[in-house]
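Participant: got a predicted structure here, sequence first:
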Amino acid sequence: MVSLKLMNDNGKIQVKSRDIKDLLLMSDDIEKCQDISDTIKEKDILVFDCQLTKDLFLASKYDTDPIVSSLTEGLEEGYFDMFFEDIRDYIKGFTDEFEEDLQEKYGFDDVRCHFEIYSIGQDFDDFKFILLVAFKRIEIQKLDSIVKIVGRRRLSGASKFYS
């Protein structure tokens, strides 16, 4: 667990990564969450390894339906790119809403959330992503760089939580 000491309009506040993790797990969208904030050295940034609830996108349930299978046989690969973009949009909406909730909860305007999907299950029912929560002003390029590095690290074996 990492604890941040920050200043908002009301004075000093303390933000614990454990509290953010608990908020994430209260969401119907998140099935599993691991606090990995201690794996990075960036000041005022918390990081979480998250897994979406499996029944959000039940693409696999349609694989066994012969009618749907026959309809999807001729689909080009671009169809799945569109599906991936839908998932990205869904997670983007979730992180934007979560960012607003954190701003309201902590009375701190400089909260930025950013994510990177790093693993998708073979049946498109298992989505894992890194959620980065920054409690400071930071450029989106830097957030993107940090979250991609952490995502690659998790994909290459550091995500023992889900193994």
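Facilitator: Yes, it's here.

Participant: run a quick neighbour tally on residue 93.
Facilitator: 11 (other Cβ atoms under 10 Å). From N, CA and C alone the C-beta is placed, and that goes for glycine too.

Participant: in the protein, where is pLDDT below threshold?
Facilitator: For the chain, applying pLDDT under 70 flags the ranges 57-82, 158-163.

Participant: can you show me the strands along it?
Facilitator: Along the chain, counting by DSSP state E, strands occupy 3-8, 11-16, 30-35, 45-52, 111-120, 127-135.

Participant: could you measure from the residue nearest to residue 152 when sequence neighbours are not counted over to residue 54?
Facilitator: Computed as Cβ to Cβ, 6 or more residues apart in numbering, the closest residue to residue 152 that is not its neighbour in sequence is residue 118, at 7.3 Å. From residue 118 over to residue 54 the distance is 17 Å, taken as Cβ to Cβ, to the nearest Å.

Participant: between those two, which one's more packed in?
Facilitator: Using other Cβ under 10 Å as the criterion, residue 118 and residue 54 rank with residue 118 on top: 20 against 15.

Participant: which ones are touching that one?
Facilitator: Taking Cβ atoms under 8 Å, 6 or more residues apart in numbering, we find residue 118 in contact with 128, 129, 130, 151, 152, 154, 155, 159.

Participant: could you measure from it over to residue 129?
Facilitator: Taking Cβ to Cβ, one finds residue 118 at 6 Å from residue 129.

Participant: quick check: neighbours shared by these two?
Facilitator: Contacts common to residue 118 and residue 129, judged by Cβ under 8 Å, 6+ apart, are residue 151.

Participant: who touches the most centrally placed residue in the chain in this structure?
Facilitator: Taking Cα atoms, centre = their mean, the centroid of the chain lies closest to residue 131, which sits 3.7 Å from it. Shown in contact with residue 131 (Cβ under 8 Å, 6+ apart): 24, 47, 48, 50, 95, 98, 113, 114, 115.

Participant: now residue 28
Facilitator: Contact partners of residue 28, counting by Cβ under 8 Å, 6+ apart, are residue 53.

Participant: so which residues of this structure form helices?
Facilitator: According to DSSP state H, the chain carries its helices in the segments 17-26, 60-63, 66-72, 78-106, 140-153.

Participant: buried sites along the longest one?
Facilitator: In terms of neighbour count (16 or more other Cβ atoms under 10 Å), helix 78-106 has its buried residues at 87, 91, 94, 95, 98, 99, 102, 103, 106.

Participant: alright, that wraps it up for me.
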